[in-house]
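In: 3D model of this:
(chains A and B)
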Amino acid sequence: AQTVTQSQPEMSVQEAETVTLSCTYDTSENNYYLFWYKQPPSRQMILVIRQEAYKQQNATENRFSVNFQKAAKSFSLKISDSQLGDTAMYFCAFKFGNEKLTFGTGTRLTIIP
Amino acid sequence: DTGVSQDPRHKITKRGQNVTFRCDPISEHNRLYWYRQTLGQGPEFLTYFQNEAQLEKSRLLSDRFSAERPKGSFSTLEIQRTEQGDSAMYLCASSLGWIQSSYEQYFGPGTRLTVT
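Out: Predicted coordinates:
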């Protein structure tokens, strides 16, 4: 069974600074997908970024980028130039084969004005 | 709005009562998922459908839980004889896809269940 671990329950950063959220996972599979989802307070979960395990290049989406280390089974999210709207719970998730997502316990990120 | 919708958004029920939740996926999506999220935790997979076929059920889905997706459109999740431990946010998501696809799962706003 796959497991996803997020070791930072809470983080805070000043607006406009850069923050990195950590995620590690455990799997014996070789081809899989990794995701970061954002869940703002009282709002629905949305996809921030995804990474295919077979791709060596790290995914980027505007201010969001990942550091994918397949051998280390690490998948961190970097948010550059953080904005107040980035305040949310962030979940790391893993997907293989039958399409279900396995989530970590989340990191609560607060952007301080 | 063409996103995933869920009804009701909030449900308070007494222990022992039955409850039913509805999820309407994005219209062209053939896959539909149910997850449960308790306070301070990430969502946990319950079950999923491809069209009208229920393809997998988690061990979390006890005999008191049943899910359907008639005609491959909307889905219902029923909990019979609710217990206080059933209190959680029930999330629905939908996607296009086939095996090993990376298609994004779009989540609904959830139904928050409180069992008193």
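In: how much space separates B:Ser5 from B:Leu32?
Out: Look at B:Ser5 and B:Leu32: by C-beta to C-beta, to the nearest Å, they are 12 Å apart. C-beta here means a position set from N, CA and C on the backbone, and glycine is covered the same way.
In: more neighbours, those two?
Out: Legend: neighbour count by other C-beta atoms under 10 Å in any protein chain shown for B:Ser5 and B:Leu32, higher for B:Leu32 (28 against 16).
In: pretty sure the more buried one sits in a strand.
Out: Yes - using DSSP: H, G, I helix; E, B strand; the rest coil, the assignment for B:Leu32 is a strand.
In: tell me where chain B has strands.
Out: B:5-7, B:10-13, B:19-24, B:31-37, B:44-50, B:53-57, B:65-68, B:75-79, B:88-95, B:106-107, B:111-115 (DSSP state E).
In: still on that earlier bit, name the residues contacting each of B:Ser5 and B:Leu32.
Out: Counting by C-beta atoms under 8 Å, 6 or more residues apart in numbering or on different chains, the common neighbours of B:Ser5 and B:Leu32 are B:Cys23.
In: stretch A:54-65: which residues count as buried?
Out: Of all the residues in stretch A:54-65, those buried under the rule 16 or more other C-beta atoms under 10 Å in any protein chain shown are A:Ala59, A:Phe64, A:Ser65.
In: mind checking pLDDT for the first one?
Out: It refers to A:Ala59. If you check A:Ala59, the pLDDT there is 95.
In: do B:Glu56 as well
Out: Value for B:Glu56, per-residue pLDDT: 89.
In: quick one: contacts for the residue in chain A that chain B sits nearest to?
Out: Residue nearest to chain B within chain A (C-beta to the nearest C-beta): A:Phe103, separated by 3.2 Å. Neighbouring residues of A:Phe103 by C-beta under 8 Å, 6+ apart: A:Val4, A:Tyr37, A:Phe91, A:Cys92, A:Ala93, B:Gly42, B:Pro43, B:Glu44.
In: what about the closest residue to B:Ser94 other than its chain neighbours, neighbour count?
Out: Nearest residue to B:Ser94, sequence neighbours excluded (C-beta to C-beta, 6 or more residues apart in numbering or on different chains): B:Pro25, at 3.3 Å. B:Pro25 has 25 neighbouring residues, counting by other C-beta under 10 Å.
In: cheers, nothing more for now.
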